Structure formats: C-alpha cells, structure tokens
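A.B. asks: sharing a sequence plus its predicted fold:
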Amino acid sequence: MTRVIHTGDTHLGYRQYHRPERQRDFLDAFRRVAEDAVELDVDAVVHAGDLFHDRRPGLGDLLGTIDVLETLDDADIPFLAIVGNHETKREAQWLDLFEAMGLATRLGATPVTIGDTAFYGLDFVPRAQREGLEYEFDSHDADHAALVSHGLFEPLVPNYGNVEWDAAEVLAASNLDFDAMLLGDEHAATRQEVDGVWVSYCGSTERASASEREERGYNIVEFDGEVHLSRRGIDTREFVFVDLELSESEGFERVRERLREHDLDGAVVIVDLAGDGEDVSAARIEEFADERGALVARVNDRREVSDDPDVEVSFADPDEAVRERVRELGLSDAARNLDETIRASKVADSNVADEVERRVGELLETPEAFDAASDSDPETVADRLEDGDSDDTVADDGPGSDPEVVEEMPDDADATPTESTATDTGPATADGDGQSSMEDYL
C-alpha cells in the first residue's frame with residue numbers, strides 16, 4: 001500500500017489584506033501539512049502546484065519553505081511536486097532549486113515510484129499551448145499510477161467559457177492508464193470519478209479569499225488495489241462571516257449587534273450587507289471590529305443606492321462600473337483586453353508584464369481585434385477573453401473572492417509563457433553565454 005498527502009495551492013508569500021500576519025499564516029498552514037505528514041508517517045507529500053503566490057517570492061518565504069521541506073527530509077518523507085500557474089518562471093523554476101538541494105522532486109514524464117505507485121507530473125500549461133499537446137509518459141512496473149497536474153479540469157470545474165481542459169480527454173489521450181488524477185488550482189476540495197478514475201482537487205491550505213468559507217485542509221490518498229480518498233482539515237486563522245439582509249429600519253446598530261455574537265479577537269471579519277436597510281458606514285463597522293480585536297475587517301455592501309432612477313451605483317462592485325465606462329469609450333478589442341489585463345485582472349503583480357506580452361502576441365494573430373468596437377455589438381473579443389486567474393478579489397481580498405460564480409472559477413490567464421509539457425519538465429537552457437540573467441532567474 002502507498003499512502004500520500006495530496007496538497008497544493010499553498011500560495012506562500014501572499015500578503016493578504018497587506019498584513020504581514022496573513023503572509024505568515026500561509027507559511028504556517030504549509031508547515032502544519034508537513035508536521036501532519038510526519039505524525040501520520042505517510043509515504044510522501046504530493047504538491048499539485050502554486051507552492052508560491054507568484055514567481056518572485058521574498059527571501060523570508062524561501063527560507064521558510066526550505067525549513068518546512070527540511071522537516072520532511074529529516075523524516076525521510078519525499079516531497080513530490082509540479083509547477084502551477086502562479087509561480088511559473090520563464091527559465092528554471094524554484095522547484096528546481098529545491099530539487100538541487102535534495103529537498104524536493106519535480107514530477108514529469110518519468111515515473112517516480114513510491115511504494116507500489118508511480119507518480120507523474122504535468123505542469124500547468126497555458127491554454128494557447130494545450131492544442132496538440134501529447135500526453136506521453138514513460139512506462140512503469142508499479143501496481144498503480146497517478147498523474148499530478150495543475151489547471152481547471154472539467155467536469156470538476158464547470159466550463160463557464162474559461163475552462164478548456166477536460167479530464168476525460170487527458171485520460172483518453174494518455175499512453176498510460178492512471179488510477180488517479182491529483183489536481184491543484186481550484187481552491188475548493190472536490191472529487192469525482194471520471195471514466196473509472198478518481199479525479200480530485202485538494203483545495204487550498206489557507207483562505208485566499210472570502211469566498212473560500214469551508215474548512216481548509218488536504219487529501220489523504222491510499223493506493224491499495226483500489227484508490228481511497230479521505231479529507232483532513234487544518235486549523236487556520238479564524239474567519240468570521242456575517243451575512244446580513246437589513247430591513248428598512250435596520251442599520252449600523254443591527255450590524256454591531258450581530259458582530260457582538262462572535263469572538264473577533266485575531267479574526268478576519270467579513271461583513272456582507274444586502275436588503276433595504278439604512279446606509280451603513282463601512283468605516284464605522286471596521287472600526288468597531290478593530291476595537292474588538294479583529295486582525296482585519298472588510299465590508300461588502302451589495303446594495304444599490306441612487307437618487308436618480310436613471311443612474312445606478314453599485315458599491316458592491318465598483319470595478320464593474322469602471323468596466324462599463326471603458327466599454328462606452330469605443331476602444332478596440334485589443335485595447336480593452338490589455339486594459340483589463342493591466343488594470344482589473346487578478347494576475348499576480350510580478351506576472352503582469354509577461355501576461356501582457358503573451359496577450360499582445362495572441363492579438364497580433366487577429367488584426368481585426370484592433371478595430372474600434374461597434375456600439376451595436378455588445379459582446380466583443382475582449383468580452384469573451386478570460387480576465388484573470390482563479391483569484392479574483394473583493395474588498396482587497398485577494399484570490400478567488402468575487403461573489404459572481406464565473407469570477408470564482410480560477411482561470412489560467414495570469415500564467416507566464418512556459419515550455420512545460422508532459423514530456424518537458426526540466427529547466428530551460430540558459431542564454432548563449434551559458435548564464436541566465438538575474439531578471440530571468442528572479
């Protein structure tokens with residue numbers, strides 16, 4: 001029997017709400033996974049991508065990661081991993097550094113056998129590079145085989161127009177028969193049997209957005225003739241969610257009354273307002289939560305307030321108001337698409353330049369995208385293109401917190417170009433002088 005922890009989407013280095021405490025929380029959650037692995041005496045820890053929040057983690061996050069990996073190494077527990085879209089670099093990946101240090105193994109087309117199970121890896125592949133991708137893997141003689149990958153796969157993640165990877169198609173196209181697909185990218189833990197193969201997302205180890213209300217944790221996967229999946233939670237920082245639909249006579253006092261029902265000490269407080277109640281000052285709510293010891297408080301007032309019946313102002317989604325104004329400017333599809341990437345998408349900051357470069361390359365293949373938009377055509381290329389990663393934000397919340405269903409779904413648009421495929425998982429070659437530049441390395 002082979003028993004492993006399946007984890008991923010640790011997003012180390014994410015300074016959520018611009019608070020250093022939240023940055024430490026993400027590392028602490030990863031450390032708890034490693035400590036559980038030692039306590040449970042599992043055969044390996046399998047990480048399904050997005051170890052880091054972006055491709056330029058800080059020195060403290062790198063040192064903290066090394067410390068956690070050394071905990072596993074001291075217990076002789078292998079750390080097997082792939083590269084996700086958030087951390088993808090043009091040249092060598094951070095995972096390659098950890099592998100060179102003897103602290104990790106980067107999964108790829110060659111099997112890594114743990115017990116009686118062969119593990120393979122498929123790094124995140126940008127959508128534009130998936131067409132014609134060959135799922136060719138080296139053979140193995142183990143009793144079981146598992147494919148570890150990162151991306152949004154149907155049918156576990158519904159296709160809302162931004163998902164183009166189908167688990168059934170990958171399994172059918174592969175030259176090997178897999179017993180399980182262990183996935184990352186979707187922050188909600190979910191599982192489903194696809195053509196007789198268990199496909200599962202482990203979910204994130206910390207709440208990267210206010211939409212991630214369920215307990216955080218990881219999966220335990222056992223290969224013993226059959227595949228057995230179980231779930232184990234992680235004790236993370238408390239999030240207090242207060243959802244209120246205010247009646248006409250209710251306002252701040254009602255919100256304060258509800259907040260008093262909770263222990264806010266050290267918690268992240270999310271207040272979501274709806275209904276026909278009085279105007280409520282978000283600053284007053286946040287101040288009250290702060291007085292009761294909250295680490296941070298955020299208020300989402302989703303009500304529309306207007307004295308002019310012809311004008312609608314949504315305090316719930318000011319970004320939508322900006323997008324609407326941009327539509328009215330009559331910009332070309334290309335201009336609107338790039339505006340969305342730079343201004344409003346949820347691409348990690350350090351990845352924006354690469355994402356713009358990628359999109360410009362795609363747009364140049366469709367010259368009509370540079371024509372001015374027609375007022376009579378409400379949906380244009382820019383509307384149909386994806387607008388960012390899994391990680392949409394509400395109230396400065398970070399990845400994945402947008403209340404709209406479509407926005408909650410992670411997307412691959414923030415990924416930088418990569419050569420990673422099922423048959424190419426090693427570091428890219430250096431420049432002509434044999435050395436990678438500091439920009440390429442970082």
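C.D. replies: On my side now, so go ahead.
A.B. asks: which is the next helix or strand following the helix or strand where Glu99 lies?
C.D. replies: Here Glu99 sits within helix 94-100, counting by DSSP states H and E. Using DSSP H and E, the helix or strand that follows helix 94-100 in sequence is strand 105-106.
A.B. asks: report all helices and strands that that following strand contacts.
C.D. replies: strand 79-81, helix 94-100 (3 or more Cβ pairs under 8 Å, 6 or more residues apart in numbering; DSSP states H and E). Every C-beta, even on glycine, is put in place using the N, C-alpha and C of the backbone.
A.B. asks: now do the contacts for Leu80.
C.D. replies: Leu80 is in contact with Ala44, Val45, Val46, His47, Ala104, Thr105, Leu107, Val112, Ile114, Phe119, Gly121, Val148, counting by Cβ atoms under 8 Å, 6 or more residues apart in numbering.
A.B. asks: please redo it, this time with the cut-off set to 7 Å
C.D. replies: Ala44, Val46, Thr105, Leu107, Val112, Phe119 (Cβ atoms under 7 Å, 6 or more residues apart in numbering).
A.B. asks: just checking, Val45 touches Ala37?
C.D. replies: Yes - proximity of Val45 to Ala37 meets the contact threshold set by Cβ atoms under 7 Å, at 5.0 Å.
A.B. asks: now the strands for the stretch 101-250 of the chain?
C.D. replies: Ranges of strands in the stretch 101-250 of the chain, per DSSP state E, counting those that start in this stretch, are 105-106, 112-114, 117-122, 144-150, 153-154, 165-166, 180-184, 190-194, 197-201, 217-224, 226-233, 239-246.
A.B. asks: would a markdown table of those strands with distance to Arg31 be doable?
C.D. replies: Formatted as a markdown table, these follow (distance: least, Cβ to Cβ, whole Å):
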| stretch | distance to Arg31 |
| --- | --- |
| strand 105-106 | 20 |
| strand 112-114 | 22 |
| strand 117-122 | 23 |
| strand 144-150 | 21 |
| strand 153-154 | 29 |
| strand 165-166 | 31 |
| strand 180-184 | 18 |
| strand 190-194 | 25 |
| strand 197-201 | 22 |
| strand 217-224 | 13 |
| strand 226-233 | 15 |
| strand 239-246 | 19 |
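A.B. asks: per-residue confidence averaged over the helix of greatest length in the chain?
C.D. replies: In the chain, with assignment by DSSP state H, the single longest helix is helix 20-40. Averaged across helix 20-40, the pLDDT comes to 98.
A.B. asks: out of the contacts of Leu80, who's the most crowded?
C.D. replies: Among the contacts of Leu80, Val46 has the most neighbours (other Cβ atoms under 10 Å), with 31 neighbours.
A.B. asks: got the CA coordinates for whichever strand or helix holds it in CSV?
C.D. replies: Using DSSP H and E, Val46 maps to strand 44-47. Extracted as CSV, the C-alpha positions of strand 44-47 are listed here (Å, rounded to 0.1, in the frame of the first residue of the first chain):
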residue,chain,number,x,y,z
ALA,A,44,5.2,11.1,0.5
VAL,A,45,3.7,14.6,0.3
VAL,A,46,2.4,15.3,-3.2
HIS,A,47,2.0,19.0,-4.1
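A.B. asks: pLDDT value on Gly58, please?
C.D. replies: pLDDT, Gly58: 93.
A.B. asks: sorry, slip of the keys, the one I care about is Leu331.
C.D. replies: 70.
A.B. asks: residues near it, how many?
C.D. replies: Per other Cβ under 10 Å, the neighbour tally for Leu331 reads 17.
A.B. asks: cool, Phe137 as well?
C.D. replies: Around Phe137 there are 22 other residues, counting by other Cβ under 10 Å.
A.B. asks: which phi and psi does it have?
C.D. replies: Dihedral pair for Phe137: phi -130, psi 150, per degrees, to the nearest 10.
A.B. asks: pretty sure it contacts Gly121?
C.D. replies: No - look at Phe137 against Gly121 with Cβ under 7 Å: they stay out of range, at 9.5 Å.
A.B. asks: counting contacts, what elements does the longest helix of the chain pack onto?
C.D. replies: Other helices and strands packing on helix 20-40, by 3 or more Cβ pairs under 7 Å, 6 or more residues apart in numbering; DSSP states H and E, are strand 2-7, strand 44-47, helix 59-74.
A.B. asks: save these as JSON lines, and put in distance to Val271 too.
C.D. replies: What follows is those, written out as JSON lines (distance: least, Cβ to Cβ, whole Å):
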{"stretch": "strand 2-7", "distance to Val271": "31"}
{"stretch": "strand 44-47", "distance to Val271": "34"}
{"stretch": "helix 59-74", "distance to Val271": "30"}
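A.B. asks: tell me the most buried of these?
C.D. replies: strand 44-47 (a mean of 27; mean count of other Cβ atoms under 10 Å).
A.B. asks: and that one, average pLDDT?
C.D. replies: pLDDT averaged over strand 44-47 gives 98.
A.B. asks: same check on stretch 106-122?
C.D. replies: On average, stretch 106-122 scores 97.
A.B. asks: only the buried residues of that stretch, if you could.
C.D. replies: For stretch 106-122, burial by neighbour count (16 or more other Cβ atoms under 10 Å) applies to 106-109, 111-112, 114-115, 117-122.
A.B. asks: and for stretch 138-145?
C.D. replies: By neighbour count on 16+ other Cβ under 10 Å, the buried set for stretch 138-145 is His140, Ala142, Asp143, His144, Ala145.
A.B. asks: equivalent analysis for stretch 90-103, please.
C.D. replies: By 16+ other Cβ under 10 Å, the buried positions in stretch 90-103 come out as Arg90, Glu91, Ala92, Gln93, Trp94, Leu95, Asp96, Leu97, Phe98, Glu99, Leu103.
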